[in-house]
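> The sequence and its predicted three-dimensional model are supplied below.
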Amino acid sequence: MMKLFSLVFSVLLACYNRVNSQELKHITNEDEVNAPASEAWELYRNLGISELVAQELKNVIQRLDVLEGDGGVGTEIKVTFVPAGNSSYTEKFTVIDDQRRVKETQGLEGDCLAIGCSVQIVEFEIIEKSQNSSIIKSTISYAVKEEFQAKDPKPSIELVEAIVQISKKFLERNN
């Protein structure tokens, strides 16, 4: 039993080191919102933001499916884009930190993972600026597989920017 545990631990450690040893590239954006950080965080911390975006971007998103979970860590969602079934993106919620107001998701398939990236992580951080304003900081971190370096694939920043703009409009309208 101990040998099996050691083998599994060694394999997991090797996989972890391989991902961390890859140079992650980052795309970061910050947007100020005229809404308290607590309200912005309530929208982002669970499925609320995903559902709002799917509702607001019906011309881009055909459907949103919750594959597993209830909005907490471990939740997996699949976004199918228009035209019907042409492409999709699946992600897993990996971090939901209420203290730091950080939500992190890891891409499982689709977007840049389909064109040469080995890792895609999207992080949203809600930063309190004042009592009635906050900053939504979005960061996409990704690594490109060695054989695709020359093509330099990148994740779709447009969807992340759209998410922030939709949430900003929603939060400011409700304040």
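Nice, thanks for sending it over.
> use CA for all of it now, contacts and neighbours both
Fine.
> Okay, helices next: where are they in this protein?
Secondary structure of the chain by DSSP state H: the helices cover 2-21, 37-44, 48-56, 157-173.
> tell me the centre residue of this structure?
In the chain, the C-alpha closest to the average C-alpha coordinate belongs to residue 122, at a distance of 3.2 Å (Cα atoms, centre = their mean).
> was I right about that residue contacting residue 137?
No - using Cα atoms under 8 Å, residue 122 and residue 137 do not qualify as a contacting pair, with a distance of 10.6 Å.
> Give me the sheet partners of the longest strand seen in the chain and which way each runs.
With DSSP state E applied, the strand covering the greatest number of residues in the chain is identified as strand 117-130. For strand 117-130, the paired strands and their directions (DSSP bridges) are strand 102-110 (antiparallel), strand 133-144 (antiparallel).
> which residues of this protein score low on pLDDT?
Across the chain, the stretches falling below the confidence threshold (pLDDT under 70) are 1-22, 84-86.
> Recalculate using a threshold of 90.
For the chain, residues meeting the criterion pLDDT under 90 lie at 1-23, 83-87, 151-154, 156-159, 174-175.
> circling back: could you list the buried residues of the longest strand of the chain?
With burial defined by 16 or more other Cα atoms under 10 Å, the residues of strand 117-130 counted as buried are 117-128.
> Also stretch 103-110?
103-110.
> what's the angle from the longest strand of the chain to helix 157-173?
Using axes from the mean of the first three to the mean of the last three Cα atoms, to 10 degrees, one finds that strand 117-130 and helix 157-173 are set 20 degrees apart in direction.
> List the contacts of strand 117-130.
Applying Cα atoms under 8 Å, 6 or more residues apart in numbering, the contact partners of strand 117-130 are 19, 36-37, 40-41, 44, 100-107, 112-113, 134-145, 148, 153-155.
> Would you mind listing which of those are buried?
36-37, 40-41, 44, 101-107, 112-113, 134-145, 153-155.
> isn't residue 29 right up against residue 141?
No - counting by Cα under 8 Å, residue 29 does not reach residue 141; the two are 11.9 Å apart.
> still on that earlier bit, partners of the residue nearest to the centre of the chain in the sheet?
Under the criterion used here (DSSP bridges), residue 122 is bridged to residue 105, residue 140.
> picking up where we left off before, tell me the gap between the longest strand of the chain and the middle of its chain.
Strand 117-130 has its average C-alpha position 7 Å from the chain's average C-alpha position, going by Cα atoms, centre = their mean, to the nearest Å.
> just use 34 as the starting number from now, easier for me
Done: numbering now begins at 34, and the last item shifts to strand 150-163.
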